[in-house]
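Colleague: Here is a sequence together with a model predicted from it:
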Amino acid sequence: MARHYLRSIYLKFAPSNLNKLLAVLCLSLFIYLPACVTTSEQSRTGTAPQLAQKPSVNEVSPMSFDEHLRLGKIYELDGNLRPAFREYQLARRMRKNDSRPYFGIGNIQLRNGEFAKAEKSYKKAIRRYSKVGVYYNNLAWVYINQKRYEEAHVMASKGAELDKGRSYIYLDTIGVIEMRQGNFTGAEEKLKEALAAMPPLNTRGLLNVYENLHELYTKMMLRTDDMVEVERYIDELRQSLGTTVPMLP
């Protein structure tokens with residue numbers, strides 16, 4: 001009916017070609033304007049068709065679970081924490097019941113000082129697989145940073161029981177716990193045992209222990225000769241650190 005009414009107006013008031021053109025434009029605007037208003041109203045009220053959801057990680061990522069995990073480890077050891085965290089998250093989404101991504105995520109959170117989050121991540125890793133010693137060891141480091149030394153000692157000792165072939169890891173951790181508790185003699189003993197048990201090619205591990213010894217001798221303030229020797233080893237180890245691709249434990 002509206003169209004017939006407009007047509008009669010058009011015939012009455014549009015005798016010239018210019019008026020005809022203007023009338024056609026007005027007629028088109030009147031006809032299509034409601035459709036534009038309806039579309040605008042739909043977008044404002046949220047009734048417009050929704051975009052397709054983002055595909056899952058398994059569909060998006062061309063990399064496998066193990067590749068994400070390995071790349072995360074490489075980034076982590078190089079100190080690139082943000083991309084490392086991203087790779088561990090991608091791995092976790094692919095296999096939510098695998099303990100290793102949670103361990104990697106906990107490592108990044110620990111290094112970022114997010115101790116409460118790191119504790120949760122390590123505990124999730126332990127719940128999924130409770131027989132990996134380093135899970136307990138790194139949880140012990142969370143407790144060390146929170147000054148929960150008794151709990152840290154329990155966790156490090158538990159890790160040592162599960163991983164007897166790598167006792168140097170746990171001796172180092174226990175040595176730090178002893179140092180923080182003020183038992184300098186016990187701390188030195190544990191740290192030197194860690195050095196004796198450490199594989200000579202484990203440059204990063206040796207560097208960690210020597211840095212902890214340096215902290216110990218700084219606190220003791222009476223071991224200048226030992227301090228000089230430790231500082232020499234630290235310099236040598238830092239220079240010898242290469243860019244070799246690490247292997248996952």
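Modeller: Now that the structure is in, tell me what you want to look at. Bear in mind the structure is a predicted one, so any value in this text is a computation, not a measurement.
Colleague: roughly how far apart are residue 118 and residue 166?
Modeller: Taking CB to CB, to the nearest Å as the criterion, residue 118 is separated from residue 166 by 21 Å. Yep, even glycine has a C-beta here, placed from its N, CA and C like the rest.
Colleague: These two - which one has more neighbours?
Modeller: residue 118 (24 against 20; other CB atoms under 10 Å).
Colleague: Poorly predicted segments of the chain, please.
Modeller: Scanning the chain for pLDDT under 70 picks out 1-60, 242-249.
Colleague: go again using 50 as the cut-off
Modeller: Along the chain, segments meeting pLDDT under 50 span 2-7, 9-55, 57-58, 243-249.
Colleague: Check whether residue 119 sits in a helix, strand or coil.
Modeller: helix (DSSP: H, G, I helix; E, B strand; the rest coil).
Colleague: list the contacts for it?
Modeller: 106, 139, 142 (CB atoms under 8 Å, 6 or more residues apart in numbering).
Colleague: wait, which of the residues you listed is closest to residue 220?
Modeller: Using CB to CB, residue 142 is the member of the contacts of residue 119 that sits closest to residue 220, with 26.1 Å.
Colleague: Report the secondary structure state of the closest one.
Modeller: helix.
Colleague: Repeat that for residue 79.
Modeller: For residue 79, the secondary structure call by three-state DSSP comes out as coil.
Colleague: Would you map the helices across this structure?
Modeller: Here the chain has its helices, by DSSP state H, at 2-13, 17-45, 57-60, 65-77, 81-94, 99-111, 115-128, 133-145, 149-162, 167-180, 184-197, 203-220, 224-240.
Colleague: What is the nearest of the contacts of residue 119 to residue 241?
Modeller: Minimum distance to residue 241 across the contacts of residue 119 is 23.6 Å, recorded for residue 106 (CB to CB).
Colleague: Quick check: the residue lying closest to that closest one once chain neighbours are set aside vs residue 139, distance?
Modeller: Once flanking residues are discounted, residue 106 sits nearest to residue 121: 3.4 Å by CB to CB, 6 or more residues apart in numbering. Residue 121 sits 9 Å away from residue 139, going by CB to CB.
Colleague: what do you get for residue 197?
Modeller: 21 Å.
Colleague: for residue 62, same thing?
Modeller: Residue 62 is 34 Å from residue 139, by CB to CB.
Colleague: Residue 127 too?
Modeller: 12 Å.
Colleague: Compare those two and say which is more crowded by neighbours.
Modeller: residue 139 (27 against 12).
Colleague: centroid residue for the chain?
Modeller: The centroid of the chain falls nearest to residue 85 when counting by CA atoms, centre = their mean (2.2 Å).
Colleague: Spatially, and excluding backbone neighbours, which residue is closest to it.
Modeller: Closest to residue 85 by CB to CB, 6+ apart is residue 108, at 4.5 Å.
Colleague: Spit out the contact partners of the one you found.
Modeller: Neighbouring residues of residue 108 by CB under 8 Å, 6+ apart: 76, 81, 84, 85, 88.
Colleague: returning to that earlier point: residues contacting the residue nearest to the centre of the chain?
Modeller: 72, 105, 108.
Colleague: Try it again at 10 Å.
Modeller: Residue 85 makes contacts with 72, 75, 76, 104, 105, 107, 108, 109, 111, 112, as judged by CB atoms under 10 Å, 6 or more residues apart in numbering.
Colleague: what do you get for residue 98?
Modeller: Counting by CB under 10 Å, 6+ apart, residue 98 has contacts 65, 69, 91, 92, 125, 128, 129.
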